[in-house]
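J.: Here's my sequence, what's the structure:
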Amino acid sequence: MILPIDCHIKTIVFDENYQPAKDTRLTTNFANLARGEHRQQNLRNTLQMINRRFNDLAHWDNVTGDRYQVELEIVSANLEIVGTGDSFPAIEILKTVIFDTQTQQRIDGIVGNSFSSYVRDYDFSVWLLAHNKNQPSFSVPERFGDLHGKLFEYVLNSPAYREQFNKPPVICLSVSTTKTYTRTANCHPILGTEYVQDAYSLTDEYFSKMGLSVRYFMPPKSVAPFAFYFKGDLLNDYTNLELISAISTMETFQKIYRPEIYNANSVAGQSYQPSLNHEDYSLTKIEYDREERSQLAIQQGQYTETHFIKPYQTLLQNWLNSQVA
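T.: Numbers count the residues shown, from 1 in each chain. The predicted structure is shown next:
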């Protein structure tokens, strides 16, 4: 069955003047920073942190430590239901562009980085919560994440995506606080020390349904490993500068949103279990309301249920069944 939905890609520059579009998820890293009285200073400080970290990692032929500037674009993929005039925001990701001030060239970085999805909000903040309400033990609904995974792959395989991007995305997220990670002897010059987990987290399994594998690395001078979700070969499909663009961008966001883990005053050891109850950490000077973010996730999940899941339930289910048959 062919899905009667067209994918359209649009981009917007993420800089200190960025303002979220009306259909942007407000819990998204970049959108959350662009709100409130100090929004412009938040954005300016964030971009400065990204640039400093990039130059710190790209230190060769960079004596003054300011050769590179990272430019960010928000990539939005909207799904338009053919014949209805209805459009729904499917995913938002970040694309990095590296400006080399020495050669005056702009170099494509990685697309992906942060990952935003209304359907994921529905899955985790509506469906999963409802499924476990009044249950004696936690469980995951049957076919949890199947629709989201197939929609994600539909976007990546769409002409709209392929016309603009020649590589699949790399998505970098925080490691799970429910799992233990063990340091290995494998060390990559850019990604750093590799860790392995004792078991896959629910997020790992959810992203595997999007066709993405996961590896965990703690980059040089970082204090905790990150989860990198990717297609293909993470270590060989991307250049050093591409990998650095992902690390510098996402480490900055995680220092703001998960300071207990990524701005901790001690470094992850041989065996490491992340915790948000850790008290020995430093705060950035960037404002962020984590409690509001959790509340908005539920509201956004309910919005998805009302405007996408329920109205097109039959269409989506028939298409999904045809994909997994």
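
J.: contacts, neighbours, all on C-alpha from now
T.: Fine.

J.: where are the low-confidence patches of this structure?
T.: Within the chain, the stretches with pLDDT under 70 are 1, 21-32, 34-36, 288-294, 324-325.

J.: just the helices in it please.
T.: With DSSP state H as the criterion, the chain has helices at 29-33, 39-57, 118-122, 128-132, 146-156, 159-164, 202-208, 240-257, 259-262, 290-304, 313-324.

J.: chain center to the fourth one: distance?
T.: With Cα atoms, centre = their mean, to the nearest Å as the basis, helix 128-132 stands 23 Å off its chain's centre.

J.: now for that helix, which elements pack on it?
T.: Contact partners of helix 128-132 among helices and strands, from 3 or more Cα pairs under 8 Å, 6 or more residues apart in numbering; DSSP states H and E: none.

J.: Dump the C-alpha coordinates for that helix into PDB.
T.: The C-alpha trace of helix 128-132 is given here as PDB (Å, rounded to 0.1, in the frame of the first residue of the first chain):
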ATOM      1  CA  LEU A 128       2.600   4.500  27.200                       C
ATOM      2  CA  LEU A 129       1.300   6.300  30.200                       C
ATOM      3  CA  ALA A 130      -2.300   5.200  29.500                       C
ATOM      4  CA  HIS A 131      -1.100   1.600  29.000                       C
ATOM      5  CA  ASN A 132       0.600   1.500  32.400                       C
END
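
J.: Run through who's touching that helix.
T.: For helix 128-132, contacts defined as Cα atoms under 8 Å, 6 or more residues apart in numbering pick out Phe138, Ser139, Val140, Pro141.

J.: Enumerate the positions of it that are buried.
T.: Leu128 (16 or more other Cα atoms under 10 Å).

J.: In stretch 170-189, which residues are buried?
T.: Val170, Ile171, Cys172, Leu173, Ser174, Val175, Ser176, Thr180, Tyr181, Thr182, Arg183, Cys187.

J.: Endpoints of that stretch, how far apart?
T.: Terminal residues of stretch 170-189 lie 18 Å apart, using Cα to Cα, to the nearest Å.

J.: how far is that stretch from where the chain is centred?
T.: In terms of Cα atoms, centre = their mean, the centre of stretch 170-189 is found 15 Å from the chain centre.

J.: Between the two ends of stretch 123-134, how far is it?
T.: Stretch 123-134 end-to-end distance (Cα to Cα) = 18 Å.

J.: Equivalent analysis for stretch 130-139, please.
T.: For stretch 130-139, the first-to-last residue distance is 11 Å (Cα to Cα).

J.: wait, Phe207 sits on Lys231?
T.: No: contact criterion Cα atoms under 8 Å: Phe207 and Lys231 do not qualify, at 10.8 Å.

J.: Neighbour count for these two, which is higher?
T.: Phe207 (20 against 17; other Cα atoms under 10 Å).

J.: what sits against the more buried one?
T.: The neighbours of Phe207, taking Cα under 8 Å, 6+ apart as the test, are Gly149, Ser213, Tyr229.

J.: One more pass at 10 Å, please.
T.: By Cα atoms under 10 Å, 6 or more residues apart in numbering, Phe207 lies in contact with Gly145, His148, Gly149, Phe152, Ile171, Ser201, Ser213, Val214, Tyr229, Phe230.

J.: now those residues as TSV including distance to His278?
T.: Output for the contacts of Phe207, formatted as TSV (distance: Cα to Cα, whole Å):
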residue	distance to His278
Gly145	31
His148	33
Gly149	33
Phe152	34
Ile171	25
Ser201	20
Ser213	29
Val214	25
Tyr229	25
Phe230	29
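
J.: for those, which one is nearest Tyr312?
T.: His148 (13.9 Å; Cα to Cα).

J.: And the nearest residue to that closest one once chain neighbours are set aside, how close does it get to Arg52?
T.: For His148, ignoring the flanking residues on the chain, the nearest one in space by Cα to Cα, 6 or more residues apart in numbering is Val119 at 6.3 Å. Going from Val119 to Arg52 by Cα to Cα gives 34 Å.

J.: Same check on Asp100?
T.: Applying Cα to Cα to Asp100 and Arg52 gives a distance of 14 Å.

J.: Among the two, which residue is more densely surrounded?
T.: Using other Cα under 10 Å, the more surrounded residue of Asp100 and Arg52 is Arg52, with 18 against 15.

J.: Great, nothing more from me.
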